Structure formats: C-alpha cells, structure tokens
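Chemist: Sequence first, then the predicted structure, then my questions.
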Amino acid sequence: MLAAAHLPSKLRQSAESQIIQSASFARSIRETEKRIGHERTVLVGDLNMNPFEIGLVAGAGFHAVMDRRIAARGHRRILGEDYPYFYNPMWGRMGDESPGPPGSYYYSSGEQATYFWNTFDQVLIRPSLLSRFVNKDLRVLEGDGKRSFLSKGGLPDPSVAGDHLPLLFRLRV
C-alpha cells in the first residue's frame, strides 16, 4: 500500500495539533492495513515534522524509528495495545554528513531556537518491506541533472523547484 501525505504546516498549526493529526492519520493507515490484510505499506510525503518529533516517533503516531533492527521487531506493545513500527531512513539524511543537502526544507526565523535545515519530507517503510529497501537508493535531490534546485548560497530555490527539496527512493520489487 502506498500512502501519501501533506500534513499541516508548522506555520498554521501548533505542535499539539500536528501530534493529533499524525495520530489520526496513523490510525487510518493501521485500520486500512487490517482491512486489506497486510502491512506492506510505504508512507511518503511532506509530513511537516522532523523525524524526531512526537507525531512521528510516538506509538499512537507513526511510530517511525531510526534503526532497522528495532523496526524489524515489527510491533511494540504499549499499555496493552500493539503498534506497528515504520522504519524512517530520513534520520540518516540530516546534517552535514548526509549524502546531499542537510535536510529537505530550510527555514530561518527570528526565534531563539531554530533548526535552519529541517527534514519534513520523508519516506516511512513498514518492516515487511525492509528487505526491498536499500538506504543508498534514497536521496534528497539537489537537482534534476540539468539544473540545480539550490540557490548559489546552497539553499532550496523556490523559483526552480519549490521550497522543499524532492525525495527519490526505490523499492526493489
């Protein structure tokens, strides 16, 4: 199953609203998986949260972890209820050591705390598909081979490809 999402922006929603929206969407995914009888699911999109935020890591949220070995466990029981994991490879695409830009969205604010680079655009993979996903096949794209999506200063150029950098990934089916 392929699920695609563009969740509400931080510019228009509180962190609490984003958490509730994530839990609701994650519940819909789990209910659909039960109805169709499998958990071979990929979620991709602009989740408007970084991989470490509560809506992504909470059991009742997307339950997306950074470690394949943890995700491979399948589920985690919390207060008597089983929650399936997603593997979130986007953790490895954050910061200067990532292969490509240090995130998918850049935002500088006048706030005391700002991350500058964010990883809002993500691909989440259920454990049953981990053998079909190779981390090196996931990239935050800097360009299309003919033109750069980045400005001369190395930031996303909204006049070329929007304010978010696109993702490219492959599942080997």
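Modeler: Thanks, I have the structure now.
Chemist: got a list of what the closest residue to Gly154 other than its chain neighbours touches?
Modeler: Using CB to CB, 6 or more residues apart in numbering and skipping the chain neighbours, the partner closest in space to Gly154 is Pro101 (7.7 Å). From N, CA and C alone the C-beta is placed, and that goes for glycine too. Going by CB atoms under 8 Å, 6 or more residues apart in numbering, Pro101 touches Trp117, Val140, Glu142, Leu150, Gly154, Pro156, Leu165.
Chemist: Leu155 too?
Modeler: For Leu155, the contact set (CB under 8 Å, 6+ apart) comprises Tyr106.
Chemist: Next one: it from His6, what distance?
Modeler: Distance of Leu155 to His6, computed by CB to CB, to the nearest Å: 21 Å.
Chemist: And the helices in the chain, which stretches?
Modeler: 15-36, 54-57, 68-71, 158-161 (DSSP state H).
Chemist: So for the last one, mean pLDDT?
Modeler: Yep, that's helix 158-161 we're talking about. Helix 158-161 shows a mean pLDDT of 90.
Chemist: gap between that helix and the chain center?
Modeler: 21 Å (CA atoms, centre = their mean, to the nearest Å).
Chemist: now the first one
Modeler: Centroid separation between helix 15-36 and its chain, computed with CA atoms, centre = their mean, is 14 Å.
Chemist: let's number from 23 now, not from 1
Modeler: Renumbered: residue one is now 23, and that last one reads helix 37-58.
Chemist: Point out the other helices and strands that it packs with.
Modeler: In terms of contacts (3 or more CB pairs under 8 Å, 6 or more residues apart in numbering; DSSP states H and E), helix 37-58 is packed against helix 76-79, strand 103-106.
Chemist: Same question for that helix: list its buried residues.
Modeler: For helix 37-58, a neighbour-count test (16 or more other CB atoms under 10 Å) marks Gln40, Ile41, Gln43, Ser44, Ala45, Phe47, Ala48, Ile51, Arg52, Glu55 as buried.
Chemist: Looking at those residues, which one is closest to Met23?
Modeler: In terms of CB to CB, no member of those lies closer to Met23 than Glu55, at 6.9 Å.
Chemist: ranges for the strands of this protein?
Modeler: Ranges of strands in the chain, per DSSP state E, are 24-28, 64-68, 86-87, 97-100, 103-106, 108-109, 127-129, 138-140, 143-147, 161-162, 189-190.
Chemist: for those, which one sits closest to Arg115?
Modeler: strand 161-162 (5.6 Å).
Chemist: Partner strands of that closest one, with direction?
Modeler: strand 189-190 (antiparallel) (DSSP bridges).
Chemist: Identify all contacting residues around the strand it pairs with.
Modeler: Val66, Ser126, Asp143, Gln144, Val145, Leu160, Arg161, Val162, Leu163.
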